[in-house]
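Student: sharing a model prediction with you, sequence too.
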Amino acid sequence: MQPIADVDALIAKMADELQARLQTLASEDVLMIGIHTGGVWIAERLNQLLNLSQPLGTLDISFYRDDFSRIGMNPQVKPSTLPVAVEDKHIVLVDDILHTGRTIRAAMNEIFDYGRPASILLAVLGERSGRELPIQPDVAGTHLSLDSHEHVKLIGPDKLSLSVVRTP
Amino acid sequence: MISQNIQLDAQGRLRHLLTIEGLKRQMIVDILDAAESFTSVTGQMVKKVPLLRGKTIVNLFFESSTRTLTTFELAAKRLSADVLKVNVSTSATNKGESLLDMLRNLEAMHCDMFVVRHAESGAAHFIASQVAPHISVINAGDGRHAHPTQALLDMFTIRKHKKEFAPLTVAIVGDIMHSRVARSQIHALTTLGVSELRVVAPKTLIPNHASSLGVQVYHDLLEGIRDADVVITLRLQKERMEAALLPSEHEYFQQYGLTPEKMTAAKPDAIVMHPGPINRGVEMSSEVADGPQSVILEQVANGIAVRMAVMSMALGRAPEGAA
């Protein structure tokens, strides 16, 4: 597996773009939420780079997946923790790879079960083809052009690296 | 002899939950871990996740219950399942319809899960052995046999407070003989591997084969709870007194009722548990029930998360043969 990008550089670039988008907002009104597992690793770094005042939230969307009846209960599900109320917050939702869009749909459903945010921005490390829902990123570290047999994998959590795996 | 493997499907996943006996340690840990993740749902503004949307769960309670029925119903509703309660005492079984006919009718209505409480030991096993392949059965208490979700929520509560099971000394105080709760707790605690498990009761309320279950038998309360990390009390049922197994409530409290003074025999950070409903002044004094060591109301809250975990694991199995 060959690493395809310098992940730290991509995250730094995402932080710059987010900074520009968030500059008109008060820091305490911004809540960053990472989606388990890879999204949390990236959100931890972004939260630090942007020096946000609110602690990071994490979401495990296992309970909101639309394929539960096909794949069953994920035994490794982790609790979602939203340390601050999402009500009226500007949410920065962070994931590693945006592919079909179904994970983001599930995450937004879960967020709305916690309250009514003022807005949601979507920031992803990599965006690839294969969307099945009308969901696009606001900030993307990189754009990957892949066919349906190729999958992107983020390895972490200490040193992050991104590689492409081919499945037959 | 009923096989315990009826609980698992061909791939070793939980299909029914009928008894703790025969469940592997890892299965119990998986249930407790899943329950842990469901505790965050109660913090949501909308206390619901869409996991079991479109599934229908039937509470079949042939024996009265408030707490267990309510928490099963809440758990199912928080998973977005449709729940219905068949009021068995007024239903067709009283009109002469057999239990099996009633089950066939519920199956014809495309129900997915039966939660069964029954005064006869083995009732949930029997129902599980008769239902259609897509239906799961959860035992919510059968006779003197088992009450597995109660034992699991107790294990969840103990783990929350004590983290590890291996170093613990646990004392179960009360009517061991007639208690399905005690039986399920003993299986769970020995499977999870506590250091020492004791039962404490008058001779008339301890079964002869108790020591074969891997427990130490005590008849003196202070000796039984000495240096214990966890003290579990059981509900004393009045009919036992009528059966002359016990002298009087007052005398039972004198000998086996927990008071703050008696609790000093246990470890200072020991927790006190009770499956409810409590007879204040019989199993324990109000000072203990409402005191700092009591985790009784936490047990109730944890019961919802544990039942959500069991229901979603049993109903959330990928179809047989799928990867």
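Tutor: Arrived safely, thanks for sending. Numbers count the residues shown, from 1 in each chain, chains lettered A, B, ... in the order given.

Student: and the residue lying farthest from the centre of chain A, helix, strand or coil?
Tutor: Within chain A, A:Pro168 marks the point farthest from the mean C-alpha position, 27.1 Å out by C-alpha atoms, centre = their mean. When the structure is reduced to helix, strand and coil (DSSP: H, G, I helix; E, B strand; the rest coil), A:Pro168 reads as coil.

Student: ok, it - contacts?
Tutor: Neighbouring residues of A:Pro168 by C-beta atoms under 8 Å, 6 or more residues apart in numbering or on different chains: A:His149. To be clear about C-beta, it is placed using only N, CA and C from the backbone, and glycine gets the same treatment.

Student: roughly how far apart are it and A:Glu44?
Tutor: Distance of A:Pro168 to A:Glu44, computed by C-beta to C-beta, to the nearest Å: 34 Å.

Student: cool, B:Pro148 as well?
Tutor: 39 Å.

Student: between the two, point out the one with more neighbours.
Tutor: B:Pro148 (33 against 17; other C-beta atoms under 10 Å in any protein chain shown).

Student: residue nearest the centroid of chain B?
Tutor: Residue closest to the average C-alpha location in chain B (C-alpha atoms, centre = their mean): B:Gln150, at 1.7 Å.

Student: separation between it and B:Leu8?
Tutor: Here B:Gln150 is placed at a distance of 21 Å from B:Leu8 (C-beta to C-beta).

Student: before we move on, what about B:Ala119?
Tutor: For B:Ala119, the distance to B:Leu8 equals 27 Å [C-beta to C-beta].

Student: compare these two (neighbour count), which wins?
Tutor: Shown here are B:Ala119 and B:Leu8; by other C-beta under 10 Å, B:Leu8 has more neighbours (16 against 12).

Student: in which helix or strand would I find B:Ala301?
Tutor: Using DSSP states H and E, B:Ala301 falls within helix B:296-315.

Student: before we move on, what about B:Asn139?
Tutor: Per DSSP H and E: B:Asn139 is located in strand B:136-142.

Student: by contact count, what packs against the helix or strand following that strand?
Tutor: Later in the chain than strand B:136-142, the nearest helix or strand by DSSP H and E is helix B:148-162. If you count contacts as 3 or more C-beta pairs under 8 Å, 6 or more residues apart in numbering or on different chains; DSSP states H and E, helix B:148-162 packs onto helix B:25-38, helix B:67-78, strand B:136-142, helix B:180-192, strand B:230-233, strand B:271-273, helix B:296-315.

Student: for helix B:148-162, buried residues please.
Tutor: For helix B:148-162, a neighbour-count test (16 or more other C-beta atoms under 10 Å in any protein chain shown) marks B:148-159, B:162 as buried.

Student: dump those to a markdown table, plus distance to B:Val230 and pLDDT.
Tutor: Formatted as a markdown table, these follow (distance: C-beta to C-beta, whole Å; pLDDT from 0 to 100):
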| residue | distance to B:Val230 | pLDDT |
| --- | --- | --- |
| B:Pro148 | 19 | 98 |
| B:Thr149 | 19 | 98 |
| B:Gln150 | 15 | 98 |
| B:Ala151 | 13 | 98 |
| B:Leu152 | 15 | 98 |
| B:Leu153 | 14 | 98 |
| B:Asp154 | 9 | 98 |
| B:Met155 | 10 | 98 |
| B:Phe156 | 13 | 98 |
| B:Thr157 | 9 | 98 |
| B:Ile158 | 6 | 98 |
| B:Arg159 | 11 | 98 |
| B:Lys162 | 7 | 98 |
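
Student: which among those residues gets closest to chain A?
Tutor: The closest of the buried residues of helix B:148-162 to chain A turns out to be B:Phe156 (C-beta to the nearest C-beta; 13.4 Å).

Student: output the below-cut-off pLDDT ranges for chain A.
Tutor: For chain A, the stretches with pLDDT under 70 are A:1-2, A:75.

Student: and it, which of its residues are near chain B?
Tutor: Counting by C-beta under 8 Å from any C-beta of the partner chain, chain A comes close to chain B at A:60, A:62-64, A:68-73, A:75, A:77-82, A:109-110, A:112-115.

Student: apply 7 Å and report the result again.
Tutor: With C-beta under 7 Å from any C-beta of the partner chain as the criterion, chain A comes near chain B at residues A:60, A:63-64, A:68, A:70-73, A:75, A:77-81, A:113-115.

Student: so which of the residues you listed are in helices?
Tutor: Among the residues of chain A next to chain B, the members found in helices (DSSP state H) are A:Phe68, A:Arg70, A:Ile71, A:Asp113, A:Tyr114.

Student: can you redo those as CSV with neighbour count and distance to A:Ala15?
Tutor: Compiled in CSV, these are given as follows (neighbours: other C-beta atoms under 10 Å in any protein chain shown; distance: C-beta to C-beta, whole Å):
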residue, neighbour count, distance to A:Ala15
A:Phe68, 21, 34
A:Arg70, 10, 37
A:Ile71, 15, 34
A:Asp113, 19, 29
A:Tyr114, 20, 25
